[in-house]
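K.L.:
missing the sequence, but the structure's below:
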Ligand SMILES: Nc1ncnc2c1ncn2[C@@H]1O[C@H](COP(=O)(O)OP(=O)(O)O)[C@@H](O)[C@H]1O
Ligand SMILES: [Mg+2]
């Protein structure tokens, strides 16, 4: 005998609980963190900000655990790591632990590590034929002349391997300046890069914000007068631009090669086509949302939610570079 199905009133039907979208960030008050929280709320998800440095990593055989102070971390559906350069190694351990616990993360530890090392990043891009300025690392105190020649002659860019916001990027216009800079950093025990100066792009660059397989916002940054670095933190100004197909494809490809789902790709428009300078794994949104009036945070949260749902369904997209 067929049993009549009892109808449950709409109000009493169990709704799936909203996705818990975690933002790993040192401070709730940072612009990008606030925007991610706001976007997650607007889209109906449950945002949770965890301070990276309050996460304790517990490694045991067969049971990876993350604690928040003394409390266990609640179940998370997806994590958006915002790892500042000053806490890279701690942040990488936390993100890596989340991966061990099979929590989807929107930028994994390996990709973040590659992005933080400017030389490694360029090695990975150069190998795949992406345009990059010729870059050299050396440590022997030989004649400086041949080193400078190898990167196209004077002036030359001298760059710390790890640096951000333009700090650690210098220009040397004479051999004496190159020598002084190299010797100073070598004496301090730092490895340093010599890089071809892309003259035609002096004082300006392109920041393309990539989420998944798309550029969601792009701006051209113009340095302030007398400055060759166009970083917003160095007084540069951003204006929105429609990226050419070539620049778009280069930015997306660079993010894919480094393995980042969210990336700020810095590019120069050289006479020989786009050249990638670096790929940032925790790019700030304040400058680009301000310049373009686009909802970058919303795009990230939507992408994070897609990843969380794919993970729940047991489907994880493998990316082909
Ligand atoms: N090889 C180069 N030629 C011309 N300008 C450069 C070069 N490298 C860096 N710059 C300028 O310096 C800025 C900062 O360099 P970047 O490598 O992105 O370091 P950071 O991580 O500090 O932002 C760039 O946005 C660009 O304006
Ligand atoms: Mg940069």
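P.N.:
The structure has been received and is ready for your questions. In this text, all values refer to a predicted model and were calculated from it rather than measured experimentally. Ligands and ions are numbered 1, 2, ... in the order given.
K.L.:
residue boundaries of the strands in the stretch 101-250 of the chain?
P.N.:
Using DSSP state E, counting those that start in this stretch, the strands of the stretch 101-250 of the chain run over 135-137, 156-160, 169-172, 192-196, 204-211, 214-222, 237-240.
K.L.:
what packs against the first one?
P.N.:
Identification of packing neighbours for strand 135-137 by 3 or more Cβ pairs under 8 Å, 6 or more residues apart in numbering; DSSP states H and E yields helix 118-127, strand 192-196. Glycine gets a C-beta too; all of them are placed from N, C-alpha and C.
K.L.:
can you lay out the strands of the stretch 101-250 of the chain as JSON lines showing mean neighbour count, mean pLDDT and distance to residue 43?
P.N.:
Output for the strands of the stretch 101-250 of the chain, formatted as JSON lines (neighbours: other Cβ atoms under 10 Å; pLDDT from 0 to 100; distance: least, Cβ to Cβ, whole Å):
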{"stretch": "strand 135-137", "mean neighbour count": "17", "mean pLDDT": "97", "distance to residue 43": "40"}
{"stretch": "strand 156-160", "mean neighbour count": "22", "mean pLDDT": "97", "distance to residue 43": "38"}
{"stretch": "strand 169-172", "mean neighbour count": "20", "mean pLDDT": "97", "distance to residue 43": "37"}
{"stretch": "strand 192-196", "mean neighbour count": "22", "mean pLDDT": "96", "distance to residue 43": "41"}
{"stretch": "strand 204-211", "mean neighbour count": "24", "mean pLDDT": "98", "distance to residue 43": "14"}
{"stretch": "strand 214-222", "mean neighbour count": "20", "mean pLDDT": "98", "distance to residue 43": "15"}
{"stretch": "strand 237-240", "mean neighbour count": "15", "mean pLDDT": "97", "distance to residue 43": "24"}
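K.L.:
and of the helices and strands packed on strand 135-137, who's closest to ligand 1?
P.N.:
Closest approach to ligand 1 among the helices and strands packed on strand 135-137 (Cβ to the nearest ligand atom): strand 192-196, 4.5 Å.
K.L.:
that closest one pairs with which strands, parallel or anti?
P.N.:
The sheet places strand 192-196 alongside strand 135-137 (antiparallel), strand 156-160 (antiparallel), with pairing taken from DSSP bridges.
K.L.:
still on that earlier bit, turn the strands of the stretch 101-250 of the chain into a markdown table, including distance to residue 70.
P.N.:
Below are the strands of the stretch 101-250 of the chain laid out as a markdown table (distance: least, Cβ to Cβ, whole Å):
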| stretch | distance to residue 70 |
| --- | --- |
| strand 135-137 | 44 |
| strand 156-160 | 38 |
| strand 169-172 | 42 |
| strand 192-196 | 43 |
| strand 204-211 | 35 |
| strand 214-222 | 39 |
| strand 237-240 | 43 |
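K.L.:
out of those strands, which is closest to residue 98?
P.N.:
The closest of the strands of the stretch 101-250 of the chain to residue 98 is strand 204-211. By Cβ to Cβ, the value is 19.5 Å.
K.L.:
so what touches the closest one?
P.N.:
Contact partners of strand 204-211, identified using Cβ atoms under 8 Å, 6 or more residues apart in numbering, comprise 215-223, 230, 238, 241, 243, 247-248, 251-252, 254-255, 260-269, 274, 277, 283, 285, 287-288, 296, 299-300, 303.
K.L.:
I'd assumed residue 219 was in contact with residue 237.
P.N.:
No - under the criterion of Cβ atoms under 8 Å, residue 237 is not in contact with residue 219, lying 9.1 Å apart.
K.L.:
can you list residues touching both of these two?
P.N.:
Residues touching both residue 237 and residue 219 (Cβ under 8 Å, 6+ apart) are residue 291.
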